[in-house]
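1. With the sequence up front, the predicted model follows.
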Amino acid sequence: MQLRLEALDGHVSKSLSQLYVITSDEHLLALEAADKIRKAARAQGYSERDVLTVERSFKWGELLAANQALSLFGDKKLIELRIPTGKPGKDGGAALQHYVKDLSPDNLTLITLPKLDWQTQKAAWVAALQQAAVYIDIPQVERAHLPNWIGQRLAQQGLSADRQSIDFIADRVEGNLLAAHQEIQKLALLHEPGKLSYEQVHAAVLNVARYDVFKLSEAMLAGDPARLIRMLDGLKGEGEALPLVLWAVSEEIRTLLKLKAGMAQGRPLGALLKEHRIWGPKERMMDPALRRISLPTLEAAMKEAAQVDKMIKGLRAQAFAGDAWDAMLQLALKVARG
């Protein structure tokens, strides 16, 4: 059965299931969820623990053996299977399908996976897990929801802050929930319960954001120039390769052009999004972005992208003067502002 993360506390307070699956790219939230299951398992007599990690040399017989092996002391056992790549392979897929059909009543199994891509979610082994397990798919905390998440975490520490302070924290920890958790814990150590001032937050919180070149395109689609500038500065400071940044932005512009062209032919946006395999947060951003950004703007942006490419390669581009990163910024801002 599918279980929302918010319902996990209530679930583990009752009798536990034999199989749990956690899938997420939010490492902090996945770790916390797994810890809750481990704690509940210990409280219910699962005193032994086997941890198996699927690596290149992993033999799937180890999982089946762990399930069949009796405890030396007759205790119940927690078996943890970690699949860091989310790709068990053909043999692994078959082993997992076999495993869920023969769960030992003396064992509790916890399988952890990263967020599975669209194609992997259709695999037979995933369907088998979803049918047999308590399946917890933890979504990423999107940027728009991050301030609310931070506010809730502050409240758990007996703290509160105004929106300016919470936005400051969100800007500093974007893409890094583990760092956000650590910064909030630090604030709880430094200050008594109650409302924090902006000065207290500013003095304590470090800039620990992790900037993702693909999140840059999301900021561009959302029409958020301030976030776009901050992310591009961060990518530059982290030494990200400018050709990769240009490629990501250019691909987004190219996709927008294809969608615009399809809509001009009378095709519905939903069908076009499915055709171009656009889903998730980006799917929800496309309609407002397409309404905001005109076709001439997109056509001009593609031409500017070609000029930025020449600048990166050291060729003279008369359309721009100065640094290639500055040209990259102007290109992204053109699209963000529509």
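-> Cool, the structure landed. What you see is a predicted model; the values in this text were computed from it and never measured. Numbers count the residues shown, from 1 in each chain.
2. Do you have the strands of the chain handy? List them.
-> Using DSSP state E, the strands of the chain run over 19-23, 46-53, 76-82, 107-113, 134-137, 159-161, 194-196.
3. Those: which one's closest to residue 209?
-> Checking these against residue 209 by Cβ to Cβ gives strand 159-161 as the closest, at 18.1 Å. Glycine gets a C-beta too; all of them are placed from N, C-alpha and C.
4. Which strands or helices does that closest one pack on?
-> Under the contact definition 3 or more Cβ pairs under 8 Å, 6 or more residues apart in numbering; DSSP states H and E, strand 159-161 sits against helix 146-156, helix 177-190, strand 194-196.
5. Residue 237: which of the ones you listed is closest?
-> Nearest of these (Cβ to Cβ): helix 177-190, 16.1 Å.
6. sorry, back to before: of the helices and strands packed on strand 159-161, which shows the lowest average pLDDT?
-> Lowest mean pLDDT of the helices and strands packed on strand 159-161: helix 177-190, a mean of 92.
7. Can you list the neighbours in contact with that helix?
-> With contact meaning Cβ atoms under 8 Å, 6 or more residues apart in numbering, helix 177-190 is reached by 26-29, 141, 146, 149-150, 153-154, 157-159, 169, 172-173, 196, 200-201, 204-206, 208-210.
8. Buried among these? Make that a ChimeraX selection.
-> In ChimeraX, this line selects whichever of those come out buried by 16 or more other Cβ atoms under 10 Å:
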select :26,28,29,141,146,149,150,153,154,159,169,172,173,196,200,201,204,205,209
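9. quick one on the thing from earlier: please tabulate the strands of the chain in a markdown table, including the columns distance to residue 10.
-> Formatted as a markdown table, the strands of the chain follow (distance: least, Cβ to Cβ, whole Å):
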| stretch | distance to residue 10 |
| --- | --- |
| strand 19-23 | 15 |
| strand 46-53 | 19 |
| strand 76-82 | 20 |
| strand 107-113 | 18 |
| strand 134-137 | 12 |
| strand 159-161 | 25 |
| strand 194-196 | 29 |
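10. Out of those, the one nearest residue 225 is which?
-> Nearest of the strands of the chain (Cβ to Cβ): strand 159-161, 25.0 Å.
11. Contacts for the closest one, please.
-> 151, 154, 169, 184, 187-188, 191, 193-196, 198, 201.
12. tell me the mean pLDDT over that strand?
-> The pLDDT scores in strand 159-161 average 97.
13. Run the chain-centre distance for stretch 25-45.
-> Its chain's C-alpha centre and that of stretch 25-45 lie 19 Å apart, by Cα atoms, centre = their mean, to the nearest Å.
14. Residue 150 and residue 231, how far apart?
-> Separation of residue 150 from residue 231 (Cβ to Cβ, to the nearest Å): 18 Å.
15. same check, this time on residue 34
-> From residue 34 across to residue 231, the span is 30 Å (Cβ to Cβ).
16. Those two - which one has more neighbours?
-> residue 231 (25 against 17; other Cβ atoms under 10 Å).
17. From residue 184, how far out is that one?
-> Using Cβ to Cβ, we find residue 231 at a distance of 22 Å from residue 184.
18. Need the single longest helix in this protein, by residues.
-> Looking across the chain with DSSP state H, the single longest helix is helix 242-264.
19. what's it packed up against?
-> Judged by 3+ Cβ pairs under 8 Å, 6+ apart, the packing partners of helix 242-264 are helix 213-222, helix 269-275, helix 281-292, helix 295-312, helix 324-337.
20. tell me the average confidence for that helix?
-> On average, helix 242-264 scores 92.
21. mind listing what's buried in that helix?
-> Neighbour counts over helix 242-264 (16+ other Cβ under 10 Å) mark 242, 245-246, 248-250, 252-253, 255-257, 259-260, 262 as buried.
22. want to try CSV for the helices and strands packed on helix 242-264, with mean neighbour count, distance to residue 103 and mean pLDDT as columns?
-> Output for these, formatted as CSV (neighbours: other Cβ atoms under 10 Å; distance: least, Cβ to Cβ, whole Å; pLDDT from 0 to 100):
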stretch, mean neighbour count, distance to residue 103, mean pLDDT
helix 213-222, 21, 38, 87
helix 269-275, 14, 37, 90
helix 281-292, 15, 35, 89
helix 295-312, 17, 53, 91
helix 324-337, 20, 51, 92
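23. how about low-confidence regions in the stretch 1-150 of the chain?
-> 70-74 (pLDDT under 70).
24. Show me the helices in it, by range?
-> Here the stretch 1-150 of the chain has its helices, by DSSP state H, counting those that start in this stretch, at 8-12, 27-43, 61-68, 89-100, 124-132, 146-156.
25. Return the shortest one as CSV; C-alpha atoms alone will do.
-> Same thing as helix 8-12. Extracted in CSV, the C-alpha atoms of helix 8-12 (Å, rounded to 0.1, in the frame of the first residue of the first chain):
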residue,chain,number,x,y,z
LEU,A,8,4.2,7.2,9.0
ASP,A,9,4.2,8.2,12.7
GLY,A,10,0.7,6.9,13.2
HIS,A,11,1.4,3.8,11.2
VAL,A,12,4.5,2.7,13.1
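26. contacting residues for the closest residue to residue 60 other than its chain neighbours?
-> With Cβ to Cβ, 6 or more residues apart in numbering as the criterion, residue 60 has its nearest non-adjacent residue at 3.9 Å, and that residue is residue 95. Residue 95 makes contacts with 60, 63, 64, 88, as judged by Cβ under 8 Å, 6+ apart.
27. Alright, that wraps it up for me.
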